[in-house]
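**Q** Sequence first, predicted coordinates after that:
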Amino acid sequence: MKNILIATDFSKEAYCALYYATRLFQEENTTFYIANFFGDKIHASVYSIINEEEFGKIPKLKQDSEIASKEIFHHIVRDTGLSGERFQLISSEKKLVKGIEDLIQSHNIDLVVMGTKSHKGTLNSIAGTNTTRVIEKAFNVPVLIVPRELEFNPPMHIAFASELIFDFNFEALGIVREIAKKFKAEITVIHDGEEIEVSRRQWEHYNSLKSYFKGIPVTIEFSSTHIEISRSIAEFIKNNKVDMLCMEYYKHSGPGKLFREPVVEKIDRHLSFPFLILPAKS
């Protein structure tokens, strides 16, 4: 049994993310929780009179959320042919990040899925977006970011960007192995740097990764460029027909280049592929 949470604001991008998730796990014993968090629309104030005005909005906001959720429900059942019993609707007055955090605990969520809206392509334009707020929270479950209105393509080629410095969180990697086996995918480890610079410890980590994915083709590619790492990764994906990018996210900076540059946040500028963010080993 798998529980997948799809956060929606009822935009086309959010629906795209929902549809992608249903295609990725359509044959699974999976429940899809479609959740709308309208807490950010409630602006509480220290002044009681304003509080009354703001909190008076809650019933209407909840009603609007429930109506829009039902519309999404009917659309996704129609578009996928999946049983309506596989979907659960949630309208919450909590703010996005707190709402997701609570549902992960209360509903044993295995994966969080979100869409992204288009932006200007600069770091400033994505700072403080819902996507980056969710990423920076560093939940203890994987987060799948589906860009814009991306069409579903079976993930036959999965890239995994890693410095190979730290021990892997194999529990979190379970979902990557599951997807790779289901779609008979190959996995390419993208390592920023020269092969001759890789230490013995890093090779040990790479070999442990290969052992974990036994039966699944795993290779390594070295990418040594003078451009920022996020752009280098995005260009590799574009040039090598990669269908999904995975990366472990370390909330606090580490010694490697992947962590000195906030790659996870910055790569959103280049998103044209599903991006699976895995919680790092604690």
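**A** Now that the structure is in, tell me what you want to look at.
**Q** and stretch 217-231, average pLDDT?
**A** Stretch 217-231 shows a mean pLDDT of 78.
**Q** Endpoints of that stretch, how far apart?
**A** Terminal residues of stretch 217-231 lie 25 Å apart, using CA to CA, to the nearest Å.
**Q** let's have the chain start at 66 instead
**A** Noted, 66 is the first residue going forward, which turns the last one into stretch 282-296.
**Q** what are the ranges of the strands in the stretch 66-215 of the chain?
**A** 67-72, 95-102, 152-157, 176-181, 208-212 (DSSP state E, counting those that start in this stretch).
**Q** Make JSON lines out of those strands and add distance to His256.
**A** (Glycine included, C-beta is placed from N, CA and C.) Compiled in JSON lines, the strands of the stretch 66-215 of the chain are given as follows (distance: least, CB to CB, whole Å):
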{"stretch": "strand 67-72", "distance to His256": "30"}
{"stretch": "strand 95-102", "distance to His256": "33"}
{"stretch": "strand 152-157", "distance to His256": "40"}
{"stretch": "strand 176-181", "distance to His256": "26"}
{"stretch": "strand 208-212", "distance to His256": "22"}
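**Q** Among those, which comes closest to Leu229?
**A** strand 208-212 (21.9 Å; CB to CB).
**Q** picking that back up, let's have the strands of the stretch 66-215 of the chain in a markdown table, adding distance to Lys163, mean neighbour count and mean pLDDT.
**A** Formatted as a markdown table, these follow (distance: least, CB to CB, whole Å; neighbours: other CB atoms under 10 Å; pLDDT from 0 to 100):
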| stretch | distance to Lys163 | mean neighbour count | mean pLDDT |
| --- | --- | --- | --- |
| strand 67-72 | 12 | 22 | 96 |
| strand 95-102 | 8 | 22 | 96 |
| strand 152-157 | 9 | 18 | 97 |
| strand 176-181 | 13 | 24 | 91 |
| strand 208-212 | 15 | 23 | 88 |
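**Q** closest one to Tyr315 among those strands?
**A** Using CB to CB, those put strand 208-212 closest to Tyr315, at 14.1 Å.
**Q** Just checking, which helix or strand succeeds that closest one along the chain?
**A** strand 222-226 (DSSP states H and E).
**Q** Quick check: neighbours of that next one in the sheet, parallel or antiparallel?
**A** Sheet pairing for strand 222-226, assigned by DSSP bridges, gives strand 251-257 (parallel), strand 309-314 (parallel).
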